[in-house]
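J.: fold the following.
(chains A and B)
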Amino acid sequence: MEKMIKDGKDFWSGIMFMGLGAMFIGFSTNYPMGTAVRMGPAYFPTWLGGLMAILGAIVFFRSFAGKPINSYKVFPMRPWLLLFSAILMAVLYFGDEMFFKGNPLLIKQTVSAIALVTFLSSWGPPALFIVLTAIAAFGYLLRPGGLIVATLVLVIGSAYGGHEFKAKEATILGVALAIFVVLVFIKGLGLSMNVWPEWS
Amino acid sequence: MDTSLFANLALGMGVALTWQNLLYCLAGCLLGTLIGVLPGIGPVTTIAMLLPITFTLPPISALIMLAGIYYGAQYGGSTTAILVNIPGESSSVVTCLDGYQMARQGRAGPALGMSALGSFFAGTVATFIIALAAPPLAEVALKFGPAEYFALMTTGLILAVVLARGSVLKAIAMVLLGLLLGLVGTDVNSGTQRFSFGISELSDGIGFVAVAMGMFGFTEIIRNLELAENREIFTAKVGNLLPSWEEIKLCTPAVIRGTILGSVLGVLPGGGALLASFAAYTVEKKISKNRANFGKGAIEGVAAPESANNAGAQTSFIPLLTLGIPSNAIMAMMIGAMMIQGIAPGPQIMTERPQLFWGMIASMWIGNLMLVILNLPLIGMWIKLLEVPYRLMFPAILLFCGIGVYSLQNSAFDVMMTAIFGVFGYVCLKLESEPAPLMLGFILGPLMEENLRRAMLLSRGDPAVFFQRPISATLLTIAIIMLGVIALPAIRSKREEAFAGDD
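T.: Numbering: from 1, shown residues only, chains lettered A, B, ... in the order given. A predicted model of the protein is given here:
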């Protein structure tokens, strides 16, 4: 396998395009196709998806030809984390009856978040999932936590994903930016956002 | 024609010279330079990040500000290229070659000054070219039916892919993916919810800011975090900014050639600033009297590509303003911003909203003037900014992006979508699948479907209509020839060579 794949980037791109193309065709089957004269909602996406899958297939097969360029290890795979996240996702998808009956939504959301983070960290660099988790957390914290809490979480959290994390420096930066955005965006530009947590 | 050109420009000046619009133009130029000067952040990223700010403004002010951001970002990118040798975007890659060498020799000042003056000259010429070329083109475009539009968009997308760098196959696949993502949401014809999986936030479609900011903004930040921080800044030795008379004389032909080349290439789909600066540098390297010095700090090697990319940046507005077709990712964002403002892009803008159209064109020139005036004295401030370490810079950028996306609809879902597109952008980066074609497709998706539907309805389902109507047939033939040509091995290797300096 390792020797056969000459261009790992094409190999994975091919798989991605084939997969996404198939997905769009699959979802399109839920909508009416219509005719060439009166196109239904499924008509255009089905064609696009098909074309994309064909291109994906060409790119995929091309990756076995020519001189070796890129290893197939484009992403650093961490199989255990991947497996763990797959199990969590399966539980989320199929386990409604078993695990989440009568539970508040919060538990399900927490499990989803864990599944997502483990999935990201199973193949990506630390910066990817730390930074993007921080930004997503920022979005969800803004309303309940207020701008200041959300800013601190985002700034300190994402700084942790950088090269040289210095706790003190990141905290100072977080506080300074929190003051700055409150002054500029709330006082200055008049955005309507919670500044302080809802529960305070 | 001549008198009306000046009448039109006067109308535009009237719009652009109001205090309010001057202020937004200034703000755009400043903000654009401010973000664009940050290493590793190019115009596309800058615009993606700053888009939300403009949405609350009136349409004309918003577009003026966005255009200002664009020029500012480009100018900032050149500054970084010369002083730090980190090109913000591929269009300033060639500026690095000689600009950085000049900086190392202690001639950063003249390099920066010449790039500003050359850009201003190019911007002035390009503004007139737009004003001259746009009306007749728009007139032609007004006669287009759905078949022509569909053919035009197809050809535009294919040309954009062929003329850009990277694998053509993967880029076309990305275009298709973009078109599909653009279809998410309510289908206008039947009211069916497509690909929204019962998520109410998706019924209006995927937010265009989420795609732009995710794939261009967040991905860029993560990529910069992956690369080790390694900069060598020549700040102490910037010195006198104004180039000497000798240098100006040396550069004049290079600037003129760069401007012409840039103006022409900028109009092509996929061209814009990138192709222009590459071509200008290559030409100059071949025909300049001083060619032996190229790569060792020749000032013409800075002047030519800088003029070309500014000219190209401006003339790439021509297809946008006259046909409503974006030629590159930046123009796709401009169209997105127009749509959010409730302006349907297309040839009718010029006749229906002349104030907007001419106001924007006039503001381009004013923006360029502002940049020259501003940046000569402000260069010291931008240099200070370059000295701030990235580890302090990027959390702040993320924060402003986060607030920007959230404030669009006060929704955490938008922030989440942006993060998701950030992840996807990273995957694409690793797989060398360019995000720009996806952005073009994303903007054009609904339009293409609509025009295809109408064309097929009118032709009673006969696809031959695209080859029976002369304009549409010509356009599609061009597209097919381009695809055929690019498949030839000899051309392919030439094309790879042309973009080789990019890595």
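
J.: please count neighbours and contacts with C-alpha atoms only from this point.
T.: Fine.

J.: nearest spatial neighbour of B:Phe218, skipping sequence neighbours?
T.: Leaving out its chain neighbours, the residue that sits closest to B:Phe218 by Cα to Cα, 6 or more residues apart in numbering or on different chains is B:Gly422, at 5.2 Å.

J.: the helix or strand of chain A with the lowest mean pLDDT: what's the following helix or strand?
T.: Counting by mean pLDDT, DSSP states H and E, the weakest-scoring helix or strand in chain A turns out to be helix A:96-99, with a mean of 65. Per DSSP states H and E, the first helix or strand lying C-terminal to helix A:96-99 is helix A:105-121.

J.: following that next one in sequence, what is the next regular element?
T.: Note on helix A:105-121: by DSSP H and E, the next helix or strand toward the C-terminus is helix A:126-160.

J.: so what does that next one touch, helix or strand wise?
T.: Helix A:126-160 is packed against helix A:105-121, helix A:167-181, helix B:219-226, helix B:390-409, helix B:412-430, with contacts defined by 3 or more Cα pairs under 8 Å, 6 or more residues apart in numbering or on different chains; DSSP states H and E.

J.: the longest one and chain A in contact?
T.: In this case it means helix B:390-409. Yes: Helix B:390-409 is in contact with chain A by Cα under 8 Å from any Cα of the partner chain, via B:Arg391, B:Leu392, B:Phe394, B:Pro395, B:Ala396, B:Leu398, B:Leu399, B:Gly402, B:Tyr406, B:Ser407.

J.: got a winner among these for most neighbours?
T.: Each of the residues of helix B:390-409 next to chain A was scored for neighbours by other Cα atoms under 10 Å in any protein chain shown, and B:Pro395 scores highest at 29 neighbours.

J.: just give the nearest non-adjacent residue to it, would you?
T.: A:Val155 (5.1 Å).

J.: and the closest residue to chain A within the stretch 101-250 of chain B, which helix or strand is it part of?
T.: Going by Cα to the nearest Cα, chain A is nearest to B:Ala173 of the stretch 101-250 of chain B, at 5.3 Å. According to DSSP H and E, B:Ala173 maps onto helix B:168-183.

J.: show me what whatever helix or strand comes next after that helix pairs with in its sheet, parallel or antiparallel.
T.: Going down the chain from helix B:168-183, the next helix or strand is strand B:185-186, by DSSP H and E. If you go by DSSP bridges, strand B:185-186 pairs up with strand B:193-194 (antiparallel).

J.: which residues does the partner strand contact?
T.: Applying Cα atoms under 8 Å, 6 or more residues apart in numbering or on different chains, the external contacts of strand B:193-194 come out as A:Ser28, A:Tyr31, A:Pro41, B:Leu183, B:Val184, B:Gly185, B:Thr186, B:Asp187, B:Ser203.

J.: doesn't A:Phe44 make contact with the first one?
T.: No: with contact defined as Cα atoms under 8 Å, A:Ser28 does not count as touching A:Phe44 (9.4 Å).

J.: what distance do you get for B:Ala276 to A:Tyr140?
T.: For B:Ala276, the distance to A:Tyr140 equals 43 Å [Cα to Cα, to the nearest Å].

J.: measure stretch B:176-193 end to end?
T.: 20 Å.
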